[in-house]
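K.L.:
The following block contains a protein sequence and its predicted model.
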Amino acid sequence: MPMGRFFILPLLLIILFIVGVLAALIFQVSPAEIYQAVSSPETLFALRLSLITSLLAVSVCIIIGVPAAYLLARRDFFGKAAVDVLLDLPLVMTPLVAGVGLLFLFGQKWLGGTLAELGLHLIFTPWGAVAAQTFIAAPILIRSSRTAFEAVNPRYELAGQTLGLSPFQVFFTVTLPLARHGLLSGTILAWARALGEFGATLMVAGATRFKTATLPISVYLNISSGELGLALACSWLLLFTGFLLLLTVKWIGRSRNPRAPIGGI
Amino acid sequence: MKRIFLALCLLILSSTGVSAAELHFFVGAGLREPVDRLMENFQKKTGQRVVVDYDGSGRLLARITASGQGDLFMPGSFFYIEKLQARGKIHSWRPVVAHTPVIAVNKSSAEKVTRFRDLAKPGIRLALGDPKAMAFGKTAMKILERSGLKDNILANVVVYGATVKQLALYVAEGNVDASIVGRTDAFQFRDRLDMIAIPDKYFEAETVAVAVLTTAVDLKAATLLQDFVVSPQAIKVFEHFGFLPLRK
């Protein structure tokens, strides 16, 4: 097929591009440096902190984002277009700017005092990292969840209702299971984004080693102090974790039974 | 479609075509304000185009080493020029101004912190730079060691930052009471914070110097720029932004 052959060139180019970058990165790191990185308490702390904060952030995203996405997929309301644009704004915002905004919002002058009375300290704590990651990752989760819900034929929900299920029962036993693939891959993309989040976290939580320094911040600190080898080894840890995440997305995508539950009645 | 493609090609050509005679100047991010002003003057005066590349000095060092390119380098601390010199990457260097540390105090905390020793008082909230990643983090740690109050002061640190402007912002916003930053960084936010001098015996001022790299393509043009940056009128611009002249 001539067109297929023609289109293979762009694909090869982009593959070479990515492989080139990865190869350039790995040839800079010696095995000793990788060992040093994965055995240093600082890196291990950063990895653990990154995993915990990103998991918490994604949990918050799910609890808030999935119902919000369902509403957006099923209902029309006044100002929906504006809400739509607003929800996508964090995606185009430079994370550093988002971080400064969060710093102002949660600082003493605005919400900081009230939150402190409730026992919640966001500025300069790991909780700040969770807030920053939630802010950055939520739009991704909402977008993919909404698409997933829109792909579910409302007739199934109607059928459930006529069979005597309450709207909540319909949501949990009909809609959610049918949308689960889209929801899951959206969750994992949001998680990957939260895991790699740097700019917003840096401003809100700071770069305190052994307290708020997540893996991306640790990479940044090590690059800044000229420890390129250690920084690259940390990057590899991050890349490897990201790789596992994306592989999971692909796996979910493949195991989807194409169209069967979604097709019309 | 065709027209858009053509326009794009033109745009790309016009933005890269004239790059041959440009000077690439790596500058520490903390020096941005005076250098922006100076480069405007320099380009007007000589017609020589200069691309200024601002970043943290440590990251610039990493980039110069990794890329093996660039004409001039002016980091916030002399330490970085020494590092490149050891690798044979410095053609020549000349000192410019002093980069002195000060204590920046939020105006609403002015009563709590009036002198250096107050940083060690219980209950004071401090921000410091990461001692490995940031020039002023390194400087601050040296100052604390010499003051003999290191443990008490470190106990008050609630956050470490990765850039000096981040620290100045934390103080200006009142997220912390005080921090040790560059005089010029505090100067920038002077409407919201006070500056307190650090006792002279605790530190040596950092020297800002401008170096021509061995990778410079046009040595004559690069030296011209170096001469301009150390000229008396350039020093005046630096002083305007809170830098202090070097003590002879």
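P.N.:
Noted; the coordinates are in hand.

K.L.:
contacts and neighbour counts: CA atoms only from here.
P.N.:
Fine.

K.L.:
Which residue is the nearest non-sequential neighbour of the closest residue to chain B within the stretch 1-150 of chain A?
P.N.:
Here the stretch 1-150 of chain A gets closest to chain B at one residue, A:Phe124, 5.9 Å apart by CA to the nearest CA. Counting by CA to CA, 6 or more residues apart in numbering or on different chains, A:Ala205 is the residue found nearest to A:Phe124 once chain neighbours are left out, at 3.9 Å.

K.L.:
Would you mind confirming that the one you found is in contact with A:Ala131?
P.N.:
No. Assessed by CA atoms under 8 Å, A:Ala205 is found out of contact with A:Ala131, at 9.4 Å.

K.L.:
who's more crowded, these two?
P.N.:
Each of A:Ala205 and A:Ala131 has its neighbours counted (other CA atoms under 10 Å in any protein chain shown); A:Ala205 has more, 28 against 25.

K.L.:
what's near enough to touch that one?
P.N.:
By CA atoms under 8 Å, 6 or more residues apart in numbering or on different chains, A:Ala205 lies in contact with A:Leu122, A:Ile123, A:Phe124, A:Thr125, A:Pro126, A:Trp127, A:Gly128, A:Ala129, A:Thr212, B:Val159.

K.L.:
try 7 Å this time
P.N.:
Contacts were defined as CA atoms under 7 Å, 6 or more residues apart in numbering or on different chains; by that measure A:Ala205 touches A:Ile123, A:Phe124, A:Thr125, A:Pro126, A:Gly128, A:Ala129, A:Thr212.

K.L.:
average model confidence for the longest strand seen in chain B?
P.N.:
Taking DSSP state E as the assignment, the strand of chain B that covers the most residues is strand B:90-99. If you average the pLDDT over strand B:90-99, you get 95.

K.L.:
so what does it touch, helix or strand wise?
P.N.:
Helices and strands touching strand B:90-99, by 3 or more CA pairs under 7 Å, 6 or more residues apart in numbering or on different chains; DSSP states H and E, are strand B:206-213.

K.L.:
Give the buried residues for the strand it packs on.
P.N.:
By neighbour count with 16 or more other CA atoms under 10 Å in any protein chain shown, strand B:206-213 contains the buried residues B:Glu206, B:Thr207, B:Val208, B:Ala209, B:Val210, B:Ala211, B:Val212, B:Leu213.

K.L.:
contacting residues for the residue in chain B positioned nearest to chain A?
P.N.:
Proximity of chain B to chain A (CA to the nearest CA) peaks at B:Ala133, 4.1 Å away. For B:Ala133, the contacting residues are A:Leu221, A:Asn222, A:Ser224, A:Ser225, B:Ala162, by CA under 7 Å, 6+ apart.

K.L.:
Which residue, neighbours along the chain excluded, lies closest to the residue positioned nearest the centre of chain A?
P.N.:
Nearest to the mean C-alpha position of chain A, by CA atoms, centre = their mean, lies A:Ala190 at 2.0 Å. Once flanking residues are discounted, A:Ala190 sits nearest to A:Ala137: 4.9 Å by CA to CA, 6+ apart.

K.L.:
what kind of secondary structure is A:Thr43 in?
P.N.:
Counting by DSSP: H, G, I helix; E, B strand; the rest coil, the backbone at A:Thr43 sits in helix.

K.L.:
circling back: so which of the contacts of A:Ala205 is the most crowded?
P.N.:
Highest neighbour count within the contacts of A:Ala205: A:Ala129, with 33 neighbours (other CA under 10 Å).

K.L.:
if I look at that one, how far off is A:Leu195?
P.N.:
Going from A:Ala129 to A:Leu195 by CA to CA, to the nearest Å gives 10 Å.

K.L.:
repeat for A:Gly242
P.N.:
Per CA to CA, A:Gly242 is found 8 Å from A:Leu195.

K.L.:
Kindly report the same for B:Val229.
P.N.:
Distance, B:Val229 to A:Leu195, by CA to CA: 43 Å.

K.L.:
tell me which element B:Leu225 is part of?
P.N.:
Assigned by DSSP states H and E, B:Leu225 belongs to helix B:219-230.

K.L.:
Next secondary structure after that helix?
P.N.:
Counting by DSSP H and E, the element after helix B:219-230 in chain order, helix or strand, is helix B:232-240.
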